[in-house]
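J.: Sequence and computational prediction follow.
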Amino acid sequence: MADDRAEITRLLNLYIDGAGKGNAAQLNEAFHSSARWFGTMAGVDYDLDKAGFVDLMVGSPGDAGGLVAKITDIRIDGTAAVATIKEEGFWGTLSFTDYFVLSILDGHWQITCKTFAHTGGSH
């Protein structure tokens, strides 16, 4: 279980760094090829596939000079896991709570879904 927690933490940190810096290689490593992103911000619903999300982050990285992101929870049950990240200062002023679903697929942990709650700030 310690190895699983370490690998999941590594993947979540790839997300944090990749989204913050607009690093496609980090995001592509962390997420399954069929991963999805969902959430609502300012009345706009987001439903993106992996390519759409990676393109968004590469074109507009989240860290505008004050992003603070913290993994607040990881729960593992066999080959499935859920994790939570709290973000403040995304794109300068936004706050989010991100919920991740992870699975062991093709023999290794991968993020399969991210759903976010916009918890503060305006874009």
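T.: The structure has been received and is ready for your questions.
J.: Chain neighbours aside, what residue packs nearest to the most centrally placed residue in the chain?
T.: By Cα atoms, centre = their mean, the chain has its centre lying nearest to residue 15, at 4.9 Å. Nearest non-adjacent residue to residue 15, counting by Cβ to Cβ, 6 or more residues apart in numbering: residue 30, 5.0 Å away. The C-beta positions use only the backbone N, C-alpha and C, and glycine is treated the same way.
J.: The lengthiest helix in the chain - contacts with which helices or strands?
T.: As assigned by DSSP state H, the longest helix anywhere in the chain is helix 2-21. Contacts defined by 3 or more Cβ pairs under 8 Å, 6 or more residues apart in numbering; DSSP states H and E place helix 2-21 against helix 24-30, strand 63-77, strand 80-90, strand 94-105, strand 108-120.
J.: ok so, going back, could you tell me which residues make contact with the residue nearest to the centre of the chain?
T.: Neighbour list for residue 15: 26-27, 30-31, 85, 100, 111, 114 [criterion: Cβ atoms under 8 Å, 6 or more residues apart in numbering].
J.: repeat for residue 103
T.: 32, 79-81, 109-110, 112.
J.: Of those residues, just the buried ones, ChimeraX syntax please.
T.: One line in ChimeraX is enough to select the buried ones among these; burial here means 16 or more other Cβ atoms under 10 Å:
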select :32,81,109,110,112
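J.: For residue 90, state which of the contacts of residue 103 is nearest.
T.: residue 112 (21.6 Å; Cβ to Cβ).
J.: So the closest one versus residue 83, what's the distance?
T.: According to Cβ to Cβ, to the nearest Å, residue 112 stands 12 Å off from residue 83.
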